[in-house]
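A.B. asks: Predicted model, plus sequence, below.
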Amino acid sequence: MSEQLSLEDELQETAEMFVSALRKRSVKIVFAESCTSGLLAATLSKIPGVSNSLCGSFVTYRNDSKSSWLGVSDEDLAAPEVGPVSETVARQMAQGALHKTPEADLAVSVTGHLGPDAPPQWDGIAFSGIAARSADSTSVTKFELRSEPEAGLSLRQTRQFDAALQVMRNALTHSSLCSGQAADC
């Protein structure tokens, strides 16, 4: 029985698969990160030669940054039924990042509530959007983040790593990178 990888090691291993898929398909990516605060781009940047695939990342933690940098609707950000952690905002973040980065083929966004002060119904919930220049639509996935901290990490840190991991895994199944399954990368 093999030893289980730490969350950080699992994230780096997934990042290497992700960069391999980007290279294989000659895809350039840009991120729009809220709850991960640049962790996606920082993780990929540890891989030599990633500059051929990684355009950059918009770290839009605050609503004003989402609005002014990516064109996310102020009304949607302020609306209680939508808000910054929503399918709508994840979609707008991905579309805005793709629009602002002409060299990118793919934009991936993430927004979520890491806690501890999140509304109970949204605590540990995140959304990731994927916009491809070659497609007319933007897909959005909702996912739940871990509810228990990993040894040596706070729950918030655990959730941040988990969000980055789930975003990359989700993007690995996108048609721009693979034929729908990460194993095909």
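C.D. replies: Thanks, I have it. None of these values were measured; they are calculated from a predicted model. Residues are numbered from 1 along each chain as shown.
A.B. asks: List the contacts of stretch 13-31.
C.D. replies: For stretch 13-31, the external contacting residues (Cβ atoms under 8 Å, 6 or more residues apart in numbering) are 5, 40-41, 43-44, 46-47, 50, 52-58, 97-98, 100-101, 103-110, 165, 168-169, 171-172, 176-178, 182, 185. Where you see a C-beta, it was placed from the backbone N, CA and C, and this is true even at glycine.
A.B. asks: who's in contact with Ala104?
C.D. replies: For Ala104, the contacting residues are Lys28, Ile29, Val30, Cys55, Ala97, Leu98, Arg133, by Cβ under 8 Å, 6+ apart.
A.B. asks: Actually, Val82.
C.D. replies: Residues near Val82 by Cβ under 8 Å, 6+ apart: Asp76, Thr88, Val89.
A.B. asks: Can you give the contact residues for stretch 164-174?
C.D. replies: Residues contacting stretch 164-174 (Cβ under 8 Å, 6+ apart): 7, 10-11, 14-15, 17-18, 21, 29, 36, 39-40, 43, 106, 108, 110, 126, 128, 130, 132, 139, 141, 143, 145, 177-178, 180-182, 185.
A.B. asks: For PyMOL, write the selection for the buried entries among the contacts of stretch 13-31.
C.D. replies: Filtering these down to the buried ones (16 or more other Cβ atoms under 10 Å) takes a single PyMOL command:
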select buried, resi 40+41+43+44+47+50+53+54+55+56+57+58+97+98+100+101+104+105+106+107+108+109+110+165+168+169+171+172+176+177+178+182+185
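A.B. asks: Looking at the contacts of stretch 13-31, which are in strands?
C.D. replies: If you go by DSSP state E, those have Leu54, Cys55, Gly56, Ser57, Phe58, Leu106, Ala107, Val108, Ser109, Val110 in strands.
A.B. asks: just curious, which of those residues is nearest to Pro120?
C.D. replies: Val110 (21.1 Å; Cβ to Cβ).
A.B. asks: Report the buried residues of stretch 78-88.
C.D. replies: Gly83, Pro84, Val85, Ser86, Glu87, Thr88.
A.B. asks: Same question for stretch 23-37.
C.D. replies: So stretch 23-37, judged by 16+ other Cβ under 10 Å, has buried residues Arg25, Val27, Lys28, Ile29, Val30, Phe31, Ala32, Glu33, Ser34, Cys35, Thr36, Ser37.
A.B. asks: Sheet-wise, list the partners of the helix or strand that contains the fifth one with their directions.
C.D. replies: Val30 is part of strand 29-33 when elements are defined by DSSP states H and E. When sheet partners are counted by DSSP bridges, strand 29-33 sits next to strand 54-59 (parallel), strand 106-112 (parallel).
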